[in-house]
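1. build me a model from this:
(chains A, B, C and D, ligands or ions: 4)
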There are 2 protein chains.
Amino acid sequence: MDLGSDLRAKGKRLTVQRRLVLEAVQRARHHVTADEVAKRVRGEAGQIDPSTVYRNLEALEELGYVTHTHLGSRVTRWHRADMHQHAHLVCRSCGAEDEVPVSVFTGLARRLRTSHGFRADLAHSAVEGICRRCAVVQS
Amino acid sequence: MDLGSDLRAKGKRLTVQRRLVLEAVQRARHHVTADEVAKRVRGEAGQIDPSTVYRNLEALEELGYVTHTHLGSRVTRWHRADMHQHAHLVCRSCGAEDEVPVSVFTGLARRLRTSHGFRADLAHSAVEGICRRCAVVQS
DNA sequence: CTCACTATTGCTATGACTTGCGATAACCGA
DNA sequence: TCGGTTATCGCAAGTCATAGCAATAGTGAG
Ligand SMILES: [Mn+2]
Ligand SMILES: [Mn+2]
Ligand SMILES: [Zn+2]
Ligand SMILES: [Zn+2]
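-> Ligands and ions are numbered 1, 2, ... in the order given. I've put the predicted structure just below:
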């Protein structure tokens, strides 16, 4: 299915801004912030309002074209939904980011599923903690 | 040790605002937002600036008097540090919150510790996902 | 008790969103 | 192709949290 049909099937519309926002996320190699998406769109086409970017990212997420994750800072990161999944470890002390495969979480995910009926998305928010290097220094 | 000595031992000072913020968190039965702390302080004493509340919560956290966690809505919740630990499950669809004992996470925590040297604080951010009831409805 | 030092306060500004609203433009049916 | 319906847009205003700065007030020394 193409974007236009997908959108209209949900009573939504394919606007130029929406298409540009999706293309900006898809062209990005890694996760991007909403502000970076806006800058990319402005470089490609004309002006676009920040609120339009936010609303379109949300709409595209509902359709399953993009997703977002939360890393340590207060900014949300967006990326195409078909990218390989991985979780993040963020050090509370030095801010270092590390990636781990989602397979590390499958055990816990299954446990939450069976004991609470809860389908957890454990890669959605970064795991905070103390990294190896900072642990050594502090002790 | 009392609050004043604890603070001065770290080169910090015991101000009226700081004491009021701590008392507000301690009197609360559950976790409270910074804004709720501000309201409580204003009810008890006079005016207090939001930024002062935020800075004092942070200072009291460094001393180990309070902690914070992140629930679904991106709002930070504060509570006294000596409360019993538990993690949160938040449903992405209906917003329902559920509590689970931290013991559910010890296996994963140990694994991250041995394989990455990372001391994870898995109860710090709520786990997002789909709750049992919403999973049934959607399928 | 008095005073100098400086941590902390209140206020203002900035950042990252979020929301309400009137104007615009997709979309669909005739 | 045209016109009405209404999703979406841009803009203004509001929220939560953080940061810079001058005025204020804990603190410890004398
Ligand atoms: Mn999220
Ligand atoms: Mn946090
Ligand atoms: Zn670190
Ligand atoms: Zn639910």
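
2. could you use CA atoms for every contact and neighbour count after this?
-> Fine.

3. so A:His68 is in which element?
-> strand A:66-70 (DSSP states H and E).

4. only alpha carbons, please: show the helix or strand following that strand as PDB.
-> Under the assignment DSSP H and E, the closest C-terminal helix or strand after strand A:66-70 is strand A:76-80. Extracted C-alpha coordinates of strand A:76-80, given in PDB (Å, rounded to 0.1, in the frame of the first residue of the first chain):
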ATOM      1  CA  THR A  76      12.200  12.800  21.600                       C
ATOM      2  CA  ARG A  77      14.000  10.900  18.800                       C
ATOM      3  CA  TRP A  78      12.200   9.700  15.700                       C
ATOM      4  CA  HIS A  79      13.100   7.100  13.200                       C
ATOM      5  CA  ARG A  80      11.600   4.900  10.500                       C
END
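
5. does DNA strand C sit close to strand A:76-80?
-> Yes: counting by Cα under 7 Å from any atom of the strand, DNA strand C has neighbours in strand A:76-80: A:Thr76.

6. next, the angle strand A:66-70 makes with that strand.
-> With axes from the mean of the first three to the mean of the last three Cα atoms, to 10 degrees applied, the angle from strand A:76-80 to strand A:66-70 works out at 150 degrees.

7. average model confidence for stretch A:125-136?
-> Stretch A:125-136 comes out with an average pLDDT of 92.

8. the residue of chain A found nearest DNA strand D: which element?
-> Proximity to DNA strand D, evaluated over chain A using Cα to the nearest atom of the strand, is greatest for A:Lys12 at 3.2 Å. Secondary structure from DSSP H and E places A:Lys12 outside every helix and strand.

9. just the angle between the host helix or strand of A:Ala109 and helix B:106-116, please?
-> Taking DSSP H and E as the definition, one finds A:Ala109 inside helix A:106-116. Counting by the same axes, to 10 degrees, helix A:106-116 lies at 170 degrees to helix B:106-116.

10. sheet partners, orientation included, of whichever helix or strand comes after helix A:106-116?
-> Following helix A:106-116 in sequence order, the next helix or strand is strand A:119-120 (DSSP H and E). Looking at strand A:119-120 with DSSP bridges, its partner strands are strand B:127-130 (antiparallel).

11. so which residues make contact with the very next helix or strand once past the strand it pairs with?
-> Heading C-terminal from strand B:127-130, the first helix or strand you meet, by DSSP H and E, is helix B:132-138. Residues outside helix B:132-138 that contact it (Cα atoms under 8 Å, 6 or more residues apart in numbering or on different chains) are A:His116, A:Gly117, A:Phe118, A:Arg119, B:Ser93, B:Cys94.
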